[in-house]
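Chemist: got a structure for you, letters missing:
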């Protein structure tokens, strides 16, 4: 059977927009974690890069959550009702719904962390409380969301199957979340020295995590031809 041709440029499918938003957010985080980029543009501009990336992440997570529940159509928008709110509570018994909710919470925490990181002259205590704490909780949320999504994949633990797009995306997101968690732990400011616990590990964790999310987002584009979304399943039942 001939495989369907992958459409890398397709503005109308909502899932394509989700993939592109995740790609842009991941790219911002990967670039912002490169020391040479920070030296080139300066720390404030690098901070703005992280904040912009977090906005892309939030937009993608929100749209993905609505898409997975059937609240928005897979192609275009419903002129009569943009959001079908009944689809939201109908999906609460699905791991995919909980993964989407937790992931969205994580992105919102990253919004807070990256925005407050733009403030100048924060004390060590303030930076740990205002910047590091939401970053840490956001990383935990990403890890929980990735674990829920990975557990929802068919036979996730029993085999190595990188050609299975759903499995590969789930694994990449899990590895990326672990890397973000390591980065968050390493980025806590040590009060006695007023420096990061391990700046190199923090940058490396952020960079590797962002690359994993970037590759996983790219794989979302050919995965559009895979399993039906929650909205398609709901349509087929009626």
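Modeler: Perfect, thanks for sending it. If you're wondering where the values come from, they're calculated on a predicted model, not measured in any experiment.
Chemist: only C-alpha atoms for contact and neighbour calcs from this point on.
Modeler: Will do.
Chemist: Give me the longest helix you can find in this protein.
Modeler: Counting by DSSP state H, the longest helix found in the chain is helix 43-69.
Chemist: element containing residue 184?
Modeler: Counting by DSSP states H and E, the element that carries residue 184 is helix 165-186.
Chemist: Residue 37 - nearest residue in space that isn't next to it in sequence?
Modeler: Residue nearest to residue 37 in three dimensions, not counting chain neighbours: residue 31, with 6.8 Å by Cα to Cα, 6 or more residues apart in numbering.
Chemist: and the one you found, what is it in contact with?
Modeler: With contacts defined as Cα atoms under 8 Å, 6 or more residues apart in numbering, residue 31 is in contact with 37, 49, 207.
Chemist: what does residue 197 give?
Modeler: Remark: with contacts taken as Cα under 8 Å, 6+ apart, residue 197 is in contact with 186-190.
Chemist: where are the low-confidence patches of the chain?
Modeler: Of all residues in the chain, those with pLDDT under 70 make up the ranges 1-13, 70-93, 154-160, 162, 222-238.
Chemist: swap the cut-off to 90 and go again
Modeler: 1-18, 64-100, 120-124, 148-170, 190-196, 219-238 (pLDDT under 90).
Chemist: show me where it has strands.
Modeler: When assigned using DSSP state E, the strands of the chain occupy the ranges 189-190, 195-196.
Chemist: that older thread, please pick the buried ones from the contacts of residue 31.
Modeler: Applying 16 or more other Cα atoms under 10 Å to these, the neighbour count classes 49, 207 as buried.
Chemist: Between the contacts of residue 31, which sits nearest residue 114?
Modeler: For those, the residue nearest residue 114 by Cα to Cα is residue 49; the value is 9.1 Å.
Chemist: And the helices in the chain?
Modeler: Listed in chain order, the helices of the chain (DSSP H) span 14-32, 35-41, 43-69, 86-90, 95-116, 124-127, 133-151, 165-186, 199-220, 230-237.
Chemist: Distance of the most centrally placed residue in the chain relative to residue 199?
Modeler: Among the residues of the chain, residue 57 comes closest to the average C-alpha position under Cα atoms, centre = their mean, at 5.3 Å. Plainly put, residue 57 is 23 Å away from residue 199 if you go by Cα to Cα, to the nearest Å.
Chemist: what about residue 208, neighbour count?
Modeler: A count of neighbours around residue 208, defined by other Cα atoms under 10 Å, yields 21.
Chemist: which residues touch it?
Modeler: 30, 176, 179.
Chemist: Nearest to residue 102 among the residues you listed?
Modeler: Taking Cα to Cα as the measure, residue 176 is the one of the contacts of residue 208 closest to residue 102, at 15.6 Å.
Chemist: Not counting its neighbours along the chain, what's nearest the closest one?
Modeler: The shortest distance from residue 176 to any non-neighbouring residue, by Cα to Cα, 6+ apart, is to residue 209 (3.7 Å).
Chemist: Distance check, the one you found against residue 105.
Modeler: As for residue 209, its distance to residue 105 is 18 Å (criterion: Cα to Cα).
Chemist: Could you check which of these two has the larger neighbour count?
Modeler: In this view residue 209 and residue 105 are compared by other Cα under 10 Å, and residue 209 has more residues nearby, 26 against 20.
Chemist: Wait, that one touches residue 182, no?
Modeler: No - counting by Cα atoms under 8 Å, residue 182 is not a contact partner of residue 209; they are 9.4 Å apart.
Chemist: Now do the shared contacts for those two.
Modeler: Among the neighbours of residue 209, none is also in contact with residue 182 (Cα under 8 Å, 6+ apart).
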